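# just a sequence and a predicted model for now, questions to come.
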Amino acid sequence: MGFTATVGGRSVDCAEDQPVLDAFLRAGIWMPNSCNQGTCGTCKLRVVSGEVDHRSSPADTLTDDERAAGLALACQARLRSDAVVESTGAVGGRATHPLRDLTATVLEVADIARDTRRVRLGLPEPLAFDPGQYIELTVPGTDLRRQYSLANTADEDKVLELHVRLVSGGAATEGWLFDGLAVGDRIEVTGPLGDFVLPAAEEDDGGPMVLIGGGTGLAPLLGLVRTALARHPQREVLLYHGVRGAEDLYDLDLLAELAEVHPGFTFVPVLSHEPAPDGTGYRTGLPTDLFVDDVASARGWSGWLCGPPAMVEAGVKAFKRRRLAPRMIHREKFTPADALG
Ligand code: FAD
Ligand code: FES
């Protein structure tokens, strides 16, 4: 048995155990969302009428006062009656790609840097997504789901590319993606998800961009940068890739090629824990600090941050110091699944 959720006059059926966000996204109705784990608060909505079960919504994302005021996290809440809801962000205001479940086939597993793998997945049919979005993989034989960003541009819709970093003791990484995953394996994929996306092409004025990725946080930035440069080949794009040491860098050839074709594109590899090998000229320190050193004012730029939560928070501060408007700062945090309160 299920119930109906209505937003802005559009109704969807929600199965008993289906998060409200999942029902809207599957129906192709856009709702702001980022982590889908209850940690970011992006999907907060107001329950105008009806009952919801907040499930495991963490208290630091949805406070008691907010619950009392009728707020809920769409990615966690289940309906307990028919309900009318209002999103606290824009709903249905932009084109969206319906959330879908597909069975993918592993086409390639390659070690591309220290503890870092590229996994290419073939799909039985194209999956529409915006560059920068992510998918969820179900760990075989479990109910566990883990998120991985797409490194693709939107026209690469039948072969999805993921960059995965090994987490010691991790169920998905050490236990599966780095142990036994083989070409030909079948994987359950759900997507696309997230709002780490460029403005629609007709609204994209080609303004300057700064992007900072930590580790495999480079993945979605590669989709965003290539799309942004294809739209406006001369635009100014400054991309920092922060890693611990030179062995963690990857896709250097692809990035060098982009810099050759696009004079406004600058790629800056940054090593935080190890010295730069002789002759490489790599810079050392934190990419968020180097951005503050390099750029006197970024007023009017858009800013893009992806990777470990602490790096993303440091990046927000750095961007604000250099006068980026808060609404122009976009972020994707690789929050661990068990950070859920
Ligand atoms: P788990 O079994 O979940 O964790 C094992 C232990 O390690 C836990 O104690 C956990 O707290 C800790 N842990 C987990 N992650 C880290 C970490 N990074 N550093 C230190 N300790 C950690 N990862 C990628 O590699 N590439 C991506 O493109 C990517 N995209 C993501 C997009 C989103 C929106 C989100 C929310 C996360 C993304 N992640 C990405 C992280 C990914 O979803 C998993 O959390 C990660 O692979 C670890 O999963 P696991 O099952 O191996 O570890
Ligand atoms: Fe729901 Fe992040 S809290 S998408």
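Great, that's in hand. Ligands and ions are numbered 1, 2, ... in the order given.
# how far away is the residue nearest to residue 77 when sequence neighbours are not counted from ligand 2?
Leaving aside its sequence neighbours, residue 77 sits nearest to residue 52 (Cβ to Cβ, 6 or more residues apart in numbering; 4.3 Å). Glycine gets a C-beta too; all of them are placed from N, C-alpha and C. From residue 52 over to ligand 2 the distance is 13 Å, taken as Cβ to the nearest ligand atom, to the nearest Å.
# now do the contacts for residue 137.
Contact partners of residue 137, counting by Cβ atoms under 8 Å, 6 or more residues apart in numbering, are 145-146, 148, 172, 187-189.
# from these, which would you call buried?
Burial by neighbour count, judged by 16 or more other Cβ atoms under 10 Å, picks out 145-146, 148, 172, 187, 189 from those.
# which of those fall in strands?
Of the positions in the buried ones among the contacts of residue 137, 145-146, 148, 187, 189 sit in strands, assigned by DSSP state E.
# which one of the residues you listed is nearest to residue 259?
In terms of Cβ to Cβ, no member of these lies closer to residue 259 than residue 148, at 26.3 Å.
# re earlier: and the contacts of residue 137, which is closest to ligand 1?
Within the contacts of residue 137, the smallest distance to ligand 1 is 3.3 Å, found for residue 172 (Cβ to the nearest ligand atom).
# tell me the mean pLDDT for stretch 102-119?
Mean pLDDT, stretch 102-119: 98.
# separation between residue 329 and ligand 1?
Applying Cβ to the nearest ligand atom to residue 329 and ligand 1 gives a distance of 17 Å.
# give the buried residues for stretch 131-148.
Buried residues in stretch 131-148 (16+ other Cβ under 10 Å): 131-139, 145-148.
# okay, now the closest residue to residue 20 other than its chain neighbours: neighbour count?
Leaving aside its sequence neighbours, residue 20 sits nearest to residue 74 (Cβ to Cβ, 6+ apart; 4.7 Å). Each residue near residue 74 was counted by other Cβ atoms under 10 Å, and the total is 27.
# partners of the host helix or strand of residue 239, with directions?
Per DSSP states H and E: residue 239 is located in strand 237-243. Paired strands of strand 237-243, with direction, are strand 209-214 (parallel), strand 265-271 (parallel) (DSSP bridges).
# make JSON lines from the ones you listed and add mean pLDDT, distance to ligand 2 and mean neighbour count to it.
Listed next are these as JSON lines, based on pLDDT from 0 to 100; distance: least, Cβ to the nearest ligand atom, whole Å; neighbours: other Cβ atoms under 10 Å:
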{"stretch": "strand 209-214", "mean pLDDT": "98", "distance to ligand 2": "19", "mean neighbour count": "28"}
{"stretch": "strand 265-271", "mean pLDDT": "98", "distance to ligand 2": "28", "mean neighbour count": "20"}
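# would JSON lines of those with distance to ligand 1 be doable?
Shown next, in JSON lines, are the strands paired with strand 237-243 (distance: least, Cβ to the nearest ligand atom, whole Å):
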{"stretch": "strand 209-214", "distance to ligand 1": "9"}
{"stretch": "strand 265-271", "distance to ligand 1": "18"}
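# okay if I get those strands as JSON lines plus distance to residue 289?
Below are the strands paired with strand 237-243 laid out as JSON lines (distance: least, Cβ to Cβ, whole Å):
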{"stretch": "strand 209-214", "distance to residue 289": "11"}
{"stretch": "strand 265-271", "distance to residue 289": "9"}
